[in-house]
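S.K.: have a look at this prediction, sequence included:
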Amino acid sequence: MAEGISRRGLLVSGGAGVGLLVAWALWPRDYPANLALGPGEHGFGAWLKVGEDGRVIVAVPQAEGGQGVYTALPQIVADELGADWRTVGVEAAPVNPLYANAIGAQELFAGLFGRVPAGMRARYLTALPLMLTAGSSSVRRFEEPARTAGAAARMLLCRAAARRWGVAWEACTVDRGFVVHEGRRARFAELAAEAAGESLPDAAPIGQAGAGKLTGESLPRLDAPSKADGSANFAGDIRLADMVHAAVRAAPARGGRLVRVDRAAADRVRGMVQVVETPDWVAAVATTGWAARQGLDALAPRFESRAPGVDDASIEAALTAALDGPGTRIAAGGDLAPVFRGATLVTATYRTGFGVAAAIETASAVAAYRDGRLEIWCQTEAPVHARAMAARGAGVGEDAVVIHPMLIGGGFGARIDADVVEQAARLAVVLRRPVNLVWSRGEELARARHRPPAMARMAARLAPGGGISGWSAKIAAPSTGRALAERLLPGTAFAAGPGDPYATAGAVPPYRLPAYAIDHHPAEIGVATGHVRGGAHGHGCFFTECFLDELAHAGASEPVSFRIGMLAGDVRLARCLSTVASLGGWEGGVAGSGQGIACHGFRGSRIAVLAEALLGADGRPEVRRLVAAVDCGTVINPDLVRQQIEGGLIFGLGQALGATTGYAGGRATARGFDTLWLPRLADTPDITVELIASAEQPGGVSELAVPPVAPAIANALQAATGYRIRSMPLRSGG
């Protein structure tokens with residue numbers, strides 16, 4: 001594209017929609033687009049390229065981890081461009097502040113940015129830049145710039161065609177890769193070079209004739225063919241000349257130190273190249289991955305830690321002590337003290353364990369260092385953070401690091417952190433050869449930062465005429481959000497201060513409560529924790545919807561009516577509840593029915609889940625059916641939404657019944673998939689998903705279905721057995 005256009009960001013004044021008038025503005029002014037152009041490719045700003053062979057390549061700044069963002073965002077661009085979907089391709093966008101994801105950051109940190117003066121937020125979110133795939137934010141954050149970019153490119157192509165034909169560009173339309181005017185047609189491919197030199201009009205409407213045909217269509221995924229035939233490349237698949245392979249083992253507990261290795265034994269392994277020791281991890285480097293793993297086993301590394309070993313008992317004690325200590329008020333409404341004073345309260349204590357992401361693809365990265373320049377191929381949901389970690393590992397400046405984001409074999413939040421990138425970078429500098437590093441399953445489970453455990457003391461007062469007059473939730477959990485902020489944005493002021501809104505995310509009930517209070521009691525458990533799909537909503541929703549069900553039973557109320565009667569004008573959530581009850585054949589959750597229900601709203605969407613479950617002979621819950629009703633606003637691609645809801649239900653099932661680890665001697669006790677309860681095909685219940693038509697702005701869906709699964713199952717088990725399980729993972733006697 002011409003210099004003037006390539007240096008401008010395009011900003012829609014208002015929300016995206018058919019007939020919207022677009023005003024082009026220079027935003028942000030200091031960040032030109034930096035898409036790499038191949039032979040015959042012509043750039044149209046920061047979002048797309050049109051090739052002289054007819055291909056339309058869309059740059060996507062979000063990681064593709066199976067959620068379909070490599071299809072959804074190109075679909076938006078192609079929709080507004082008027083492209084032929086068969087000619088659309090995708091590539092990872094480069095690091096650039098143009099792609100900073102403020103919505104994702106706000107969702108991920110659950111309100112921590114509220115502690116930052118407004119004038120400083122832009123620096124954190126844009127100047128860094130904070131590129132993130134998090135918070136189910138891809139479409140919400142990028143629909144507007146993607147749609148605007150498509151509209152801009154369409155107008156430039158129309159202008160080029162109009163100049164050829166001697167007509168007004170406003171009279172031209174587009175049709176599946178062609179510019180059309182009164183019987184004349186010109187392919188985008190033949191117009192690309194001329195169009196890149198055109199200038200934009202002062203304003204033009206989104207949704208002109210010929211565009212706007214793809215939104216709402218279940219177009220085939222762009223990443224599906226290569227994944228189906230095995231040609232898709234992941235980080236571990238990268239092969240470079242003179243490459244070696246590495247296997248690492250780190251101290252089981254963070255802060256531990258390497259004290260001994262058996263180098264002589266490792267040297268006897270065929271294919272071994274070198275052993276690299278650091279204070280807290282050791283790597284075996286060999287000509288093949290298999291030889292590297294054999295060499296690592298032969299090294300038999302020994303570690304020591306001066307800190308006392310963390311175990312399940314110490315973690316439980318830390319959570320209990322935190323609840324007994326002072327807390328920080330995170331959210332409140334009304335005056336709870338007079339409501340509770342002298343009243344008879346319903347109380348309960350709930351617990352959740354660690355949540356393990358358990359992605360199929362373990363952490364991996366390829367690093368190549370030459371002439372002071374470092375290249376990294378890695379899975380990352382935070383490429384700027386990965387670049388910083390690579391620079392730290394290699395001892396170079398960040399401007400000397402080039403990040404190549406790869407497809408992710410299931411990130412689920414675990415690829416926000418980038419310890420493997422730092423290790424690979426260090427090895428590449430030491431060896432002066434390209435290095436392919438893949439963590440073993442055991443290393444992944446030992447070193448990954450899991451969703452933190454939590455404990456909640458719930459209390460409520462039932463109103464005489466029905467409903468709830470007062471609600472209190474005191475939640476003990478590590479300050480995971482603050483720690484995550486310190487890793488991604490080191491030195492930021494908002495990470496300081498008492499309490500952590502992240503830790504209580506999802507704990508504010510969506511109901512009309514005259515008085516309520518949500519307190520966070522920070523717990524130091526001695527284990528580094530992190531973000532896993534759904535974040536703290538995984539335990540916040542469990543506490544809220546299970547306790548709400550207890551209150552319904554205590555007040556002799558039918559659970560669905562009890563919920564709907566307290567909704568404060570949230571018509572969307574009420575409709576989800578009534579729809580799932582009707583669709584699932586809700587029998588009222590009466591004793592013996594084995595039916596339970598739960599609902600949740602976050603990331604701009606609403607969902608209700610009905611579960612049918614019973615306890616098996618071994619005390620393990622058996623889930624027979626899951627029904628979900630979803631309102632996620634305007635849907636770009638219905639198939640993608642259904643896939644994410646179905647996948648979220650299965651992920652939530654795993655979190656509800658297993659996908660956890662204990663701790664002993666400072667080390668996670670889970671070693672492999674055989675030590676985790678993960679749903680298999682035989683365990684998968686019958687699943688029904690209903691998408692409720694909505695004209696609201698698109699909401700998030702990638703995490704939406706995860707939080708309400710566990711409480712729906714717990715409520716179903718109470719209906720089936722008469723016994724309330726108050727701990728997750730769900731077990732009889734829990």
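M.R.: Received it, and whenever you're ready, just let me know what you need. Numbers count the residues shown, from 1 in each chain.
S.K.: so how many other residues sit close to the closest residue to residue 519 other than its chain neighbours?
M.R.: Taking Cβ to Cβ, 6 or more residues apart in numbering, and ignoring the residues beside it in sequence, residue 519 has residue 327 as its nearest neighbour in space, at 3.7 Å. Bear in mind the C-beta positions are built from the backbone N, C-alpha and C, glycine included. By other Cβ atoms under 10 Å, 19 other residues sit near residue 327.
S.K.: what secondary structure does the spatially most central residue of the chain sit in?
M.R.: The chain has residue 134 as the residue nearest its centroid, 3.8 Å off, counting by Cα atoms, centre = their mean. Assigned with DSSP: H, G, I helix; E, B strand; the rest coil, residue 134 falls in the coil class.
S.K.: surely it meets residue 381?
M.R.: Yes. Under the criterion of Cβ atoms under 8 Å, residue 134 makes contact with residue 381 at 6.3 Å.
S.K.: next one: the top helix by length along the chain to chain centre, how far?
M.R.: Of all the segments of type helix in the chain, defined by DSSP state H, the longest one is helix 138-165. Computed by Cα atoms, centre = their mean, to the nearest Å, the chain-centroid distance of helix 138-165 equals 28 Å.
S.K.: buried residues in it?
M.R.: Residues of helix 138-165 classed as buried: 138-162, 165 (neighbour count, 16 or more other Cβ atoms under 10 Å).
S.K.: ok, stretch 425-435 next?
M.R.: Of the residues in stretch 425-435, 425, 426, 427, 428, 429, 430, 431, 433, 434, 435 count as buried by neighbour count, 16+ other Cβ under 10 Å.
S.K.: reformat the residues you listed as JSON lines; add pLDDT.
M.R.: Shown next, in JSON lines, are those (pLDDT from 0 to 100):
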{"residue": "425", "pLDDT": "98"}
{"residue": "426", "pLDDT": "98"}
{"residue": "427", "pLDDT": "98"}
{"residue": "428", "pLDDT": "98"}
{"residue": "429", "pLDDT": "98"}
{"residue": "430", "pLDDT": "98"}
{"residue": "431", "pLDDT": "97"}
{"residue": "433", "pLDDT": "97"}
{"residue": "434", "pLDDT": "98"}
{"residue": "435", "pLDDT": "98"}
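S.K.: counting only strands, which of these make the cut?
M.R.: residue 435 (DSSP state E).
S.K.: for residue 669, which non-adjacent residue is closest in space?
M.R.: Per Cβ to Cβ, 6+ apart, closest to residue 669 is residue 662, 4.4 Å.
S.K.: relative to residue 522, how far out is that neighbour?
M.R.: Between residue 662 and residue 522 the distance is 22 Å, computed by Cβ to Cβ, to the nearest Å.
S.K.: more neighbours, those two?
M.R.: More neighbours surround residue 522 than the other of residue 662 and residue 522, with 18 against 14 (other Cβ under 10 Å).
S.K.: quick check: residue 610 is in a strand.
M.R.: Yes. Checked against three-state DSSP, residue 610 lies within a strand.
S.K.: distance between the ends of stretch 265-281?
M.R.: 18 Å (Cα to Cα, to the nearest Å).
S.K.: and it, which residues are buried?
M.R.: 266, 269, 271, 272, 273, 274, 275, 276, 278, 281.
S.K.: average pLDDT across it?
M.R.: Regarding stretch 265-281, the rounded mean pLDDT is 97.
S.K.: picking that back up, now for residue 134 and residue 381: what residues contact both?
M.R.: Residues touching both residue 134 and residue 381 (Cβ atoms under 8 Å, 6 or more residues apart in numbering): 413, 416.
S.K.: please, which helix or strand holds residue 380?
M.R.: Assigning secondary structure by DSSP states H and E places residue 380 outside every helix and strand.
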